[in-house]
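S.K.: Everything below, folded, please.
(one chain, ligands or ions: 1)
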Amino acid sequence: MQTVKLNNGTEIPAIGFGVFLIPDDGTCERAVSDALEVGYRFIDTAAAYMNEVGVGKAIKSSGLKREDIYVTSKLWLQDYGYEAAKKGIDTSLKNLNLDYIDLYLLHQPYFDTKGAWKALEEGVNEGKIKSIGISNHTIGFLENLLPEMRIKPAINQMECNPLFQQKELREYMKPYDIKMQAWYPLGHGNKELFENEILKSIGAKYNKTVSQIILRWHVEEGIIPIPKSTSMNHLKENFEIFDFSLDSDDMAKIRSIDTGRGTHNPDDLSFGETLLKAYKIHD
Ligand SMILES: NC(=O)c1ccc[n+]([C@@H]2O[C@H](COP(=O)([O-])OP(=O)(O)OC[C@H]3O[C@@H](n4cnc5c(N)ncnc54)[C@H](OP(=O)(O)O)[C@@H]3O)[C@@H](O)[C@H]2O)c1
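M.R.: Numbering: from 1, shown residues only. This is a model prediction of the structure:
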């Protein structure tokens with residue numbers, strides 16, 4: 001499996017499988033088992049997805065060695081602040097039924113992120129977490145947080161795809177070697193992306209689907225995509241991107257379709273309260 005080296009020397013698979021909105025009624029466990037069968041070795045979940053238990057069950061029943069699977073989870077806003085975050089980490093470990101988590105992220109950039117980050121740093125020292133990172137942190141949030149961070153984030157998980165390439169943020173993160181991980185890499189199924197004429201013509205040239213071109217573009221840019229699918233055919237299709245490469249002309253064409261706009265703006269500070277109301281993971 002192709003990997004990407006992180007700023008702490010560890011390696012992460014170049015593509016992962018995301019389980020947002022997959023219910024923990026057996027569906028998530030089945031989807032993760034299917035993904036592991038196809039060859040994915042990196043699963044992205046979160047406390048707020050309420051399906052860490054299913055992810056853990058699929059890992060246990062896979063028969064794979066723990067060290068051969070890379071697991072990401074994320075701390076939810078309700079558990080921000082130092083003390084609450086310490087508990088949040090332990091709850092994720094318990095739900096996942098794992099001794100350690102490979103990568104643990106601050107899911108959102110609001111409220112007491114500094115206290116929460118301190119707890120994540122201690123989680124690393126205690127051997128509960130291998131790498132730590134952030135998500136949805138735009139440049140302004142990073143400017144505020146980076147001076148407080150003893151351990152620099154290895155990853156920033158952001159909305160990113162060919163229509164929203166996050167060029168400015170990626171440039172900002174380069175000196176810290178913070179890698180971009182892409183949520184909504186397939187635009188959450190956005191038609192505008194799948195029907196883009198440039199992507200379609202590049203797909204025809206390589207005899208690959210638009211989805212494969214999009215995901216290959218991420219890999220070539222050094223961005224780690226975590227596409228989701230509940231279809232076995234799509235899971236396979238999205239994984240078959242390591243037998244070809246895009247030439248520099250095609251990369252330039254894809255860079256040219258960036259609109260600079262995504263589906264949500266983390267800089268809207270009222271969004272923290274909205275999210276907190278929308279996702280209550282415990283009392
Ligand atoms: N950190 C954050 O705040 C945050 C926010 C959102 C998401 N995420 C993470 O990012 C992951 C991905 O996001 P997402 O699932 O919302 O969006 P996505 O991966 O961009 O898109 C998933 C959609 O694309 C479809 N799809 C997948 N493969 C396809 C293919 N080969 N051809 C055509 N359609 C295809 C899926 O349908 P089928 O199921 O039918 O294949 C599904 O409707 C999440 O699961 C989660 O882990 C993180």
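
S.K.: Contacts only, for whichever residue of the chain sits closest to the ligand.
M.R.: Among the residues of the chain, Gly18 lies closest to the ligand, at 2.4 Å counting by C-beta to the nearest ligand atom. Every residue, glycine included, has its C-beta placed from N, CA and C. Applying C-beta atoms under 8 Å, 6 or more residues apart in numbering, we find Gly18 in contact with 44-45, 183, 226-228.

S.K.: go on, Leu142?
M.R.: Counted by C-beta under 8 Å, 6+ apart, Leu142 has contacts 134, 156, 172-173.

S.K.: can you check Ile198 too?
M.R.: Ile198 sits next to 253-254, 256-257 when contact means C-beta under 8 Å, 6+ apart.

S.K.: Next: Gln108.
M.R.: Contacts were defined as C-beta under 8 Å, 6+ apart; by that measure Gln108 touches 77, 135-136, 266, 272, 275.

S.K.: out of these, who's nearest Val71?
M.R.: For Val71, the nearest member of the contacts of Gln108 is Ser135. The distance, counting by C-beta to C-beta, is 15.2 Å.

S.K.: what's the helix or strand for the closest residue to that closest one other than its chain neighbours?
M.R.: When the adjacent residues along the chain are set aside, Ser135 lies closest to Gln157, with 3.9 Å between them (C-beta to C-beta, 6 or more residues apart in numbering). Element membership of Gln157 [criterion: DSSP states H and E] is strand 155-159.

S.K.: that older thread, what's the most distant pair in the contacts of Leu142?
M.R.: The two members of the contacts of Leu142 with the most space between them (C-beta to C-beta) are Ile134 and Tyr172, at 12.9 Å.

S.K.: quick one: which of the two has more around it?
M.R.: Ile134 (27 against 16; other C-beta atoms under 10 Å).

S.K.: Are we agreed that that one is in a strand?
M.R.: Yes: the secondary structure assignment for Ile134 places it in a strand, going by DSSP: H, G, I helix; E, B strand; the rest coil.

S.K.: What residues does it make contact with?
M.R.: If a contact means C-beta under 8 Å, 6+ apart, then Ile134 has 105-106, 109, 141-142, 145, 153, 155-157 as its contacts.

S.K.: These: which ones sit near the ligand?
M.R.: Near the ligand, taking C-beta under 6 Å from any ligand atom as the test, the members of these found are Gln157.

S.K.: now, which of the contacts of Ile134 lie within strands?
M.R.: Judged by DSSP state E, the subset of the contacts of Ile134 located in strands is 105-106, 155-157.

S.K.: Could you provide these in a markdown table, with additional columns for pLDDT?
M.R.: Shown next, in a markdown table, are these (pLDDT from 0 to 100):
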| residue | pLDDT |
| --- | --- |
| Leu105 | 99 |
| Leu106 | 98 |
| Ile155 | 98 |
| Asn156 | 98 |
| Gln157 | 98 |
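
S.K.: After the host helix or strand of Leu199, heading C-terminal, what element do we hit next?
M.R.: The secondary structure element spanning Leu199 is helix 197-206 (assigned by DSSP H and E). Under the assignment DSSP H and E, the closest C-terminal helix or strand after helix 197-206 is helix 210-221.

S.K.: For that next one, give the mean pLDDT please.
M.R.: On average, the pLDDT along helix 210-221 is 98.
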